[in-house]
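Enquirer: build the 3D model from these lines:
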Amino acid sequence: MTKYTPEDLNKLGVGALPGLIGIDFTSVTPELLQARTPVRPELLAPNGYLHAGTVVSIADTLCGYGTIINLPEGSTGFTTIELKSNFLGTAREGAVLCEARPVHRGRTTQVWDADVTNEDTGRKIATFRCTQMVLWPKP
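Expert: Prediction:
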């Protein structure tokens, strides 16, 4: 496993969706990734609440980056094969926090859980689970 810092992961997102959303990694270990994302008007649905797609993108980014830093030696990458979210709340302003943890880190799949919370209230906005398939070079 290669050692990554929050700054390394923030740089990965520049010019891509994580950077556009404004995901700011604050802590990174193979067992836990944490990030903060300010809520801005561009991230809201037309009804004025945080867009579900924004929440999924934040959680998926943390889980995906967690997979990157936990890829087995010799693998070439990964692809998402399943994801699920349950929405429990929302935010209209302030910021949201996200934490992602591995449930399973195998040679062929990884399973990750993430929770997104409202920074101001501490209430959970969503819980998220995804399964990643580890990719290997063709023989």
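
Enquirer: tell me the residue in this structure that is farthest from the middle.
Expert: Taking Cα atoms, centre = their mean, the residue of the chain most remote from its mean C-alpha position is P139, at 31.3 Å.

Enquirer: so who does that one touch?
Expert: For P139, no contacting residues are found, by Cβ atoms under 8 Å, 6 or more residues apart in numbering. Using the backbone N, CA and C atoms, a C-beta is placed for each residue, glycine as well.

Enquirer: then Q110?
Expert: G66, T67, N70, F78, P102, H104, T131, Q132, V134 are the contacts of Q110 under Cβ under 8 Å, 6+ apart.

Enquirer: so of these, which ones are in helices?
Expert: G66, T67 (DSSP state H).

Enquirer: give me the ChimeraX select line for the contacts of Q110, limited to the buried ones.
Expert: A single ChimeraX command selects the buried members of those (16 or more other Cβ atoms under 10 Å):
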select :66,67,70,78,102,131,132,134
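
Enquirer: which of the contacts of Q110 lies closest to G122?
Expert: G66 (22.7 Å; Cβ to Cβ).

Enquirer: where does this structure have low pLDDT?
Expert: In the predicted model of the chain, residues 1-2 satisfy pLDDT under 70.

Enquirer: tell me, what residue is most central in it?
Expert: L62 (2.1 Å).

Enquirer: which residue is the nearest non-sequential neighbour of it?
Expert: Closest residue to L62 apart from its sequence neighbours, by Cβ to Cβ, 6 or more residues apart in numbering: A100 at 3.7 Å.
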